[in-house]
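Asker: need a 3D model of the sequence below.
(one chain, ligands or ions: 2)
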Amino acid sequence: MGALERFEDDRGEGNSSHVFEAIAADVWEKGYSIQPNAVPTDVLDALWQQLRSMPAHEFDPAGVGRQHAHAINSFVRSDATSWIEGDTPAGARWLNWTAALQQYLNRRLFLGLFSFESHFSHYAPGDFYKKHLDAFKGQSNRVLSVVLYLNPDWMPDDGGELALYHGERGQQLLKVTPSMGTLVTFLSEDFPHEVLPAKRDRYAIAGWFRVNTTSAERADPPD
Ligand code: OGA
Ligand code: MN
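Answerer: Numbers count the residues shown, from 1 in each chain. Ligands and ions are numbered 1, 2, ... in the order given. Here you go, the predicted structure:
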């Protein structure tokens, strides 16, 4: 039984095929997708509860992390991050959901997505992440980026938007308000983006689907 079937059998998490299809159609047409309420409410609540209970020492200054995690490290950012493993109920359900999304996108768009990694991020008031790409052409196996926002009651003048650009010297496409449950998906090599400073604490999960680049010289395990 594949991840998608497993997910659909998972009582309480609903069937996300509508949102998966909307993401697939958007990515196919324009390379990005913005979906409010993408993740089942109970998964979202579990992630939020976990985040609330996490002590500050579980977050590392961004840029300090495990191998592969920072293929691009010369950009200016001031957030703190904590990798999500499958070792908490909320983390496991999130990874189950992203595995189902991965399988859906592979079937629908033949993207050949092979693995997924993600972390919580915390931006304290004033923190930012300057304009960057999550992957450079030919230099990374990150193919598709996702960002899930975990900020209940975000107000328009709280700031902290994600600004998405198109192309190297591209125009700003749009700004996304980091509201609870909004999921942004975009092709990692095609959309420079930045996180604008916020007036309050800003929480998100940032994740990347990767393709397998196993070669004779270098083994590339899925995690
Ligand atoms: C990142 C990132 C965007 C956001 O972590 O690479 O671009 O809106 N995050 O938090
Ligand atoms: Mn990014």
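Asker: quick one: secondary structure of residue 170?
Answerer: The assignment at residue 170 comes out as coil when based on DSSP: H, G, I helix; E, B strand; the rest coil.
Asker: correct me, but it touches residue 164?
Answerer: No - using CB atoms under 8 Å, residue 170 makes no contact with residue 164, being 9.2 Å away. The way it works is simple: take the backbone N, C-alpha and C, and place the C-beta from them, glycine included.
Asker: which one of these two is surrounded by more residues?
Answerer: residue 164 (20 against 12; other CB atoms under 10 Å).
Asker: where in the protein is pLDDT low?
Answerer: Counting by pLDDT under 70, the chain has low-confidence residues at 1-14, 63-75, 168, 214-223.
Asker: can you pull out the strands in it?
Answerer: Ranges of strands in the chain, per DSSP state E, are 32-35, 60-61, 80-83, 115-123, 129-132, 142-149, 162-165, 172-176, 183-187, 193-195, 202-210.
Asker: next, format these as JSON lines and append distance to ligand 1.
Answerer: Formatted as JSON lines, the strands of the chain follow (distance: least, CB to the nearest ligand atom, whole Å):
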{"stretch": "strand 32-35", "distance to ligand 1": "11"}
{"stretch": "strand 60-61", "distance to ligand 1": "13"}
{"stretch": "strand 80-83", "distance to ligand 1": "8"}
{"stretch": "strand 115-123", "distance to ligand 1": "6"}
{"stretch": "strand 129-132", "distance to ligand 1": "5"}
{"stretch": "strand 142-149", "distance to ligand 1": "5"}
{"stretch": "strand 162-165", "distance to ligand 1": "4"}
{"stretch": "strand 172-176", "distance to ligand 1": "7"}
{"stretch": "strand 183-187", "distance to ligand 1": "7"}
{"stretch": "strand 193-195", "distance to ligand 1": "5"}
{"stretch": "strand 202-210", "distance to ligand 1": "3"}
